Each structure stands twice: as C-alpha cells, then as structure tokens.
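Participant: I need the structure of the sequence given here:
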Amino acid sequence: MSQTVEWKVHLYLSEDEGRTRARVELDTGSTALTGRGLARCNPDDEDVPVIGDELAAGRALSDLGQQLVRAAEHDLESVGAPPASRRPRPGYGWIA
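Facilitator: Now for the predicted structure:
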C-alpha cells in the first residue's frame, strides 16, 4: 500500500559581519530536529553573499541529514535490529 508523508522544513539564513549562519528546522509531526551551518568570508576574498548562503545552507542540511540517520539507527536498534556498521565510507565516487 502506498503512503505519502509530508514533512515541513524551514531554512533560515542570517548574515552579520562576513558570517552567514543557517538554521534548518524539520518537523515530522512526531519529531523536531534542527541543523546548523556557518560560512565565513575570508577578508581577502570578494564578498559574494550567495556563496555564503549556499555554504551555510548546505552545511545545515548536512547536519540535519546526519541527525536523521542517527535517529533512524537508534529507532532500528530499539526494535531489535543489530547496530549499523561504522565502516568508513568513501568521500566520493560509488558507494559499495
């Protein structure tokens, strides 16, 4: 049986003195998680705000993704599944 679930995600960006901060909030209806990210402009570099926005948002989303994976692993273990493998994964290319 197919099922569609909707989760609400809000991304907030703020910039102050060459720093861009991102906060992404996820509400699943039963769980609320917050990811955070930061980007800083090197004083010697040209100030291009969109780059800081992209980096900070990407880092916040990555943080949120890692939290979701940890939550899923915890939920799996709570129903008797063996702990997830902690083997290192490659940083690029195909994942085996």
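
Participant: list the helices and strands whatever helix or strand Gly52 lives in packs on?
Facilitator: Gly52 belongs to helix 49-78 when assigned by DSSP states H and E. Contact partners of helix 49-78 among helices and strands, from 3 or more Cβ pairs under 8 Å, 6 or more residues apart in numbering; DSSP states H and E: strand 8-16, strand 19-27, strand 32-40. C-betas here are computed from N, CA, C, even on glycine.

Participant: how far off strand 8-16 does it point, in degrees?
Facilitator: 140 degrees (axes from the mean of the first three to the mean of the last three Cα atoms, to 10 degrees).

Participant: What residues sit buried inside helix 49-78?
Facilitator: Across helix 49-78, burial judged by 16 or more other Cβ atoms under 10 Å covers Gly52, Asp53, Leu55, Ala56, Ala57, Arg59, Ala60, Leu61, Asp63, Leu64, Leu68.

Participant: Turn those into a markdown table, including pLDDT and distance to Cys41.
Facilitator: Formatted as a markdown table, the buried residues of helix 49-78 follow (pLDDT from 0 to 100; distance: Cβ to Cβ, whole Å):
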| residue | pLDDT | distance to Cys41 |
| --- | --- | --- |
| Gly52 | 91 | 6 |
| Asp53 | 94 | 11 |
| Leu55 | 94 | 10 |
| Ala56 | 95 | 11 |
| Ala57 | 96 | 15 |
| Arg59 | 96 | 14 |
| Ala60 | 97 | 17 |
| Leu61 | 97 | 20 |
| Asp63 | 97 | 20 |
| Leu64 | 97 | 23 |
| Leu68 | 93 | 29 |
